[in-house]
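Participant: The following comprises the amino acid sequence and a computationally predicted model.
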Number of protein chains: 2
Amino acid sequence: MVMETVRMIVESLNAEGESLIDRVMATVRNRISSRVLTPGARLPSIRAFATSMKVSKSTVVEAYERLAAEGLIRSRPGSGFFVAAPLAPLSLAEIGPKLDREVDPLWISRQALEADDAVLMPGCGWLPPGWMPADGLRRGLRALARGNAATLVDYGPPLGLLPLRQLLARRLAPRGIEASPEQILLTESGTQAIDLLCRFLLKPGDVVLVDDPCYFNFLALLRAHQAEIVAIPYQPSGPDIGAFAEALSVHRPRLYITNSALHNPTGATLAPLVAHRLLKLADRSGLTIIEDDIFADFEEMPAPRLAAFDGLERVVHIGSFSKSLSAAMRCGFIVAPRGWIEPLTDLKIATSFGGTGLSAPLMLTLLKDGSYRKHMEAVRGRLAKAMAETALKLERIGITPWLEPQAGMFLWCRLPDGVDAAELARKALARNIVLAPGNAFSHAQTAGGFLRFNVAQCVDERLFREIAELMG
Amino acid sequence: MVMETVRMIVESLNAEGESLIDRVMATVRNRISSRVLTPGARLPSIRAFATSMKVSKSTVVEAYERLAAEGLIRSRPGSGFFVAAPLAPLSLAEIGPKLDREVDPLWISRQALEADDAVLMPGCGWLPPGWMPADGLRRGLRALARGNAATLVDYGPPLGLLPLRQLLARRLAPRGIEASPEQILLTESGTQAIDLLCRFLLKPGDVVLVDDPCYFNFLALLRAHQAEIVAIPYQPSGPDIGAFAEALSVHRPRLYITNSALHNPTGATLAPLVAHRLLKLADRSGLTIIEDDIFADFEEMPAPRLAAFDGLERVVHIGSFSKSLSAAMRCGFIVAPRGWIEPLTDLKIATSFGGTGLSAPLMLTLLKDGSYRKHMEAVRGRLAKAMAETALKLERIGITPWLEPQAGMFLWCRLPDGVDAAELARKALARNIVLAPGNAFSHAQTAGGFLRFNVAQCVDERLFREIAELMG
């Protein structure tokens, strides 16, 4: 009775009463969103809920009424309150800012993946099939057909084919990354590698730093993990260190995902000074960094790798050969601190069971002989030429590269003043041209005047004519 | 001042004070576990936190002191309280009940995946390599080597190779499942199919029903999704319908994952009556069901499929050919309600980008010609023989099958009274025998007296001698 009186005093004071109503409403919302209460479920009775929340019955009544007014619950006279809104399954399109489907990152990927030969795809992120070593793959497949039967029908070992992991370790050494084969875990793709790490490291609501602009699939992937994304402006020599330091102290992020060499989409290369500062900051605040290095073999001169400076303590390095050998050979890898491999392997088995199937032995065959080195030499030469030509043709129609990349396939370009990249991409799609508008890469939506061009996909002259025409 | 007095009255009442301290402690714990406060971070000042939590300063002091006593935070005299415990990344081994590593489900998988030829693996979940159609795969690989260059080097289309989806749709029809190719999404494995669906459907804390016993990787996968698992006793004709109905009303689950035909590990087959009741219950409570049908082609007589009865409204059907064609061919599929395919495809691109690589065209080649049908006929015959022989040999050493499966590779067996399966598995491992102890399949840990035998892996007579010896 004393308690009840005290409660009444407390609740009669308006601010306090409001905060209790809010607390009750928040509790109900929380139970609905966490599906403790599912659509159609009856809410606790007013009396029971008041007791369990240690508030008065009138507080619960008011909270229920407000939730009903919001449409989240509804009352059935005589029988109480029920959860109203059916909860749709998780759709990526509904998380994060709602974008126009035609220019959202996943849509660009899907357009490019679905496109037939009549479509020009300067916006896509890979080389045309004619640039890829199909003959090497044919030889590799024939070798596989002659090989060991168990390789053809069994699951591989949990970490992935040992000779391939040994070879990858040897390939990392010249870039200054010293890893034993036991620190390398094969995955089904570079994307799956990052996904597995996100599962391992993140909880919903964790803050993750990305570059602005960054590879658009990082944004889609992080949304799937319900991470909170904080974007750091990217400059020609790496992320803006001042902004990075501030983000660390304000947001306490768990993770930073970046490309050190041949940054996607800008083509920039991380400067040693920036790399060093970045690692010092990361060290101080316990930040983990994922260094996505899938364009490694496109480089002419090795740029500094965060994983090399750091010695794989807080930097995890990931790679794949989808861009250089074959996108149909599903195999990526994670190079991680020693203690991480065992729990990561458990997670891999739990979520995709097997290993990399036929891709690992095929990749081993292709990487072992000298043809891969020769193939990439040729690709680099061809890209350098295409880069110079494309830059020139773009300049002629008023589109200016942000920087001159040292290598790779991407040119990050500024459009003439007043031209909106998303609008241009929409119009281009109607003419069978898939462009990659800047804001697809920008979490902060600061790149509305940019496009990313893949120079290997810019050989057809029609492209420049059509874009010039569309820009009016 | 009035407020402060009221608060003091409230808090001086002991129970209420305790509950406020608990609330403050829970808030801090929550901020740490959600990484709003990371290791080394300074906690809010006592004054500030008291104001924001609307409690007295002494309540916050008491809460901080208790958390410090727990070792979660520590005080630095003069400068406040700090988060102490470094937070390890998410490890599957730490979620769910802590099991002896030697008998936990993931460990069984890893033992089996790592085992060399000297190891006997009656506990493993797949056929020996000699049972698999290696020659067919060799032919398939040679055909692929002669084929289209783009197939060898490109990402496939987002939903997966259309001719393969068409063929899968035709193969589903005789089982009563009517799906258009647009309702089929290719994935990298059966496990990845379920994982993708869990991502799509679940939030951490959602309740999921499984059978007890069930395929152990369901448990590992659901733990990775931080789902709350509720296990329903499985009987020879399907799940216990009474327990199922009760679980629906008590736990309000989001999902039920099961095998309809050739249940893993029991080899049981769902009876039409149970299937019908189950669907009626699911319908009433808005439950989604994942029907994992990867053993479909091992059946002699088609059992009822939930997806057939339901017409793909609330049942999602998944399959793969890892057990029947090759585990190295990474390709599974989801057959889902129409509206789900687009968001599922988005999720697939975000989390693993590409498609099924070379596996899809290879699988198409192998399924198209008549050799797969003949291969499976032979496998079924061979398994029926191995099943009868193994059952007999097991009975001789006192191990009794729970039921006589209609087909498949699994025998779920009761050990003699007093023999503990986990203990036996531990001892067997020391003798190079990988067993599958019952509790690895049992969320409720009710199967300590059971083992699952794979009859195709029980050809070596040594196995029965050794087990008899170990059981004493």
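Facilitator: It's in. Note that the structure is predicted; figures quoted are calculated from it, not measured.
Participant: only C-alpha atoms for contact and neighbour calcs from this point on.
Facilitator: Fine.
Participant: what residue ranges in chain A score low on pLDDT?
Facilitator: A:1-17, A:33-36, A:38-40, A:70-71, A:77, A:84-105 (pLDDT under 70).
Participant: what about the strands in it?
Facilitator: A:73-76, A:80-83, A:184-187, A:207-212, A:228-235, A:238-239, A:255-258, A:288-292, A:315-320, A:332-335, A:400-401, A:410-414, A:436-437, A:450-454 (DSSP state E).
Participant: and these, which is most packed in?
Facilitator: Across the strands of chain A, averaging neighbours per residue (mean count of other C-alpha atoms under 10 Å in any protein chain shown) puts strand A:436-437 on top, at a mean of 30.
Participant: Provide the strand pairings for that one, with the direction of each partner.
Facilitator: According to DSSP bridges, strand A:436-437 forms sheet pairs with strand A:450-454 (antiparallel).
Participant: What lies in contact with the partner strand?
Facilitator: Residues outside strand A:450-454 that contact it (C-alpha atoms under 8 Å, 6 or more residues apart in numbering or on different chains): A:122-126, A:265-266, A:409-415, A:421, A:435-439.
Participant: so who does residue A:356 touch?
Facilitator: When the contact criterion is C-alpha under 8 Å, 6+ apart, the partners of residue A:356 are A:156, A:160, A:186-188, A:330-331, B:328, B:330.
Participant: Torsion angles phi and psi at it?
Facilitator: Torsion angles at residue A:356 (phi, psi; degrees, to the nearest 10) stand at phi -110, psi 10.
Participant: With distance to residue B:396 as added columns, please give the strands of chain A in JSON lines.
Facilitator: Putting those into JSON lines (distance: least, C-alpha to C-alpha, whole Å) gives the following:
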{"stretch": "strand A:73-76", "distance to residue B:396": "62"}
{"stretch": "strand A:80-83", "distance to residue B:396": "58"}
{"stretch": "strand A:184-187", "distance to residue B:396": "44"}
{"stretch": "strand A:207-212", "distance to residue B:396": "60"}
{"stretch": "strand A:228-235", "distance to residue B:396": "60"}
{"stretch": "strand A:238-239", "distance to residue B:396": "70"}
{"stretch": "strand A:255-258", "distance to residue B:396": "58"}
{"stretch": "strand A:288-292", "distance to residue B:396": "56"}
{"stretch": "strand A:315-320", "distance to residue B:396": "52"}
{"stretch": "strand A:332-335", "distance to residue B:396": "48"}
{"stretch": "strand A:400-401", "distance to residue B:396": "78"}
{"stretch": "strand A:410-414", "distance to residue B:396": "69"}
{"stretch": "strand A:436-437", "distance to residue B:396": "69"}
{"stretch": "strand A:450-454", "distance to residue B:396": "69"}
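Participant: which residue ends up closest to the midpoint of chain A in space?
Facilitator: Centrality entry for chain A: nearest residue to the mean C-alpha point is residue A:218, 1.4 Å, by C-alpha atoms, centre = their mean.
Participant: How about the contacts made by the residue in the stretch 351-472 of chain A that chain B sits nearest to?
Facilitator: Residue of the stretch 351-472 of chain A nearest chain B, by C-alpha to the nearest C-alpha: residue A:357 (3.8 Å). Counting by C-alpha under 8 Å, 6+ apart, residue A:357 makes contact with A:154-156, B:327-330.
Participant: Separate out the buried members of those residues.
Facilitator: A:154-156, B:327-330 (16 or more other C-alpha atoms under 10 Å in any protein chain shown).
Participant: For chain A, which helix extends over the most residues?
Facilitator: If you go by DSSP state H, chain A has its longest helix at helix A:371-396.
Participant: in that helix, what's buried?
Facilitator: Going by neighbour count (16+ other C-alpha under 10 Å), the buried part of helix A:371-396 is A:372, A:375-377, A:379-380, A:383-384, A:386-387, A:390-391, A:393-394.
Participant: need the residues of the stretch 251-400 of chain A near chain B, please.
Facilitator: Residues of the stretch 251-400 of chain A lying close to chain B (C-alpha under 8 Å from any C-alpha of the partner chain) are A:252, A:254, A:286, A:325-330, A:343-344, A:346-347, A:349-358.
Participant: care to break chain A down by domain?
Facilitator: Per automatic domain parsing, the structural domains of chain A span A:2-83, A:92-130+A:372-471, A:148-369.
Participant: sorry, back to before: state the distance from the residue nearest to the centre of chain A to chain B.
Facilitator: Distance, residue A:218 to chain B, by C-alpha to the nearest C-alpha, to the nearest Å: 8 Å.
Participant: ditto for residue A:149
Facilitator: Per C-alpha to the nearest C-alpha, residue A:149 is found 6 Å from chain B.
Participant: which residues touch the closest residue to that residue other than its chain neighbours?
Facilitator: Excluding its sequence neighbours, the residue lying closest to residue A:149 (C-alpha to C-alpha, 6 or more residues apart in numbering or on different chains) is residue B:134, at 5.7 Å. Counting by C-alpha under 8 Å, 6+ apart, residue B:134 makes contact with A:149, A:152-153.
Participant: just residue A:119 next, same as before
Facilitator: Contact analysis of residue A:119 by C-alpha under 8 Å, 6+ apart lists A:432-434.
Participant: The same query, at a cut-off of 6 Å, please.
Facilitator: Residue A:119 makes contact with A:432-433, according to C-alpha atoms under 6 Å, 6 or more residues apart in numbering or on different chains.
Participant: Next: residue A:229.
Facilitator: By C-alpha under 6 Å, 6+ apart, residue A:229 lies in contact with A:207-208.
Participant: Can you tell me how far residue A:298 is from chain B?
Facilitator: Computed with C-alpha to the nearest C-alpha, the distance linking residue A:298 and chain B is 17 Å.
Participant: same question, residue A:309
Facilitator: Between residue A:309 and chain B the computed distance is 22 Å (C-alpha to the nearest C-alpha).
Participant: Could you report the neighbour count for that residue?
Facilitator: A count of nearby residues for residue A:309, using other C-alpha atoms under 10 Å in any protein chain shown, gives 16.
Participant: Go ahead and confirm residue A:211 touches residue A:236.
Facilitator: No. Contact criterion C-alpha atoms under 6 Å: residue A:211 and residue A:236 do not qualify, at 11.7 Å.
Participant: Can you flag which of the residues of the stretch 251-400 of chain A next to chain B belong to helices?
Facilitator: Within these, residues falling in helices by DSSP H are A:343-344, A:346-347, A:349-352.
Participant: Can you tell me which of those residues comes closest to residue B:425?
Facilitator: Residue B:425 has its nearest neighbour among those in residue A:346, at 19.9 Å by C-alpha to C-alpha.
Participant: Burial check on that closest one, number of neighbours?
Facilitator: Number of residues near residue A:346 (other C-alpha under 10 Å) recorded here: 24.
Participant: Over to the one 5 residues further on?
Facilitator: Residues near residue A:351, counting by other C-alpha under 10 Å, number 25.
Participant: I'd like the distance between it and residue B:186.
Facilitator: According to C-alpha to C-alpha, to the nearest Å, residue A:351 and residue B:186 sit 16 Å apart.
Participant: who in the stretch 101-250 of chain A is up against chain B?
Facilitator: Contact residues (C-alpha under 6 Å from any C-alpha of the partner chain) of the stretch 101-250 of chain A with chain B: A:113-114, A:129, A:134, A:138, A:141-142, A:145, A:149-150, A:152-155, A:157, A:191-192, A:195, A:200-201, A:217, A:220-221.
Participant: Filter those down to the buried ones, PyMOL style.
Facilitator: Of these, the buried ones can be selected in PyMOL as follows, counting by 16+ other C-alpha under 10 Å:
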select buried, chain A and resi 113+129+134+138+141+142+145+149+150+152+153+154+155+157+191+192+195+200+201+217+220+221
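Participant: Mind checking which of the residues of the stretch 101-250 of chain A next to chain B are in helices?
Facilitator: Per DSSP H, these map to helices at A:113-114, A:134, A:138, A:141-142, A:145, A:149-150, A:152-153, A:191-192, A:195, A:200-201, A:217, A:220-221.
Participant: Counting neighbours, what do you get for residue A:164?
Facilitator: Residue A:164 has 21 neighbours, counted by other C-alpha under 10 Å.
Participant: which ones are touching it?
Facilitator: Residue A:164 touches residue A:364, counting by C-alpha under 6 Å, 6+ apart.
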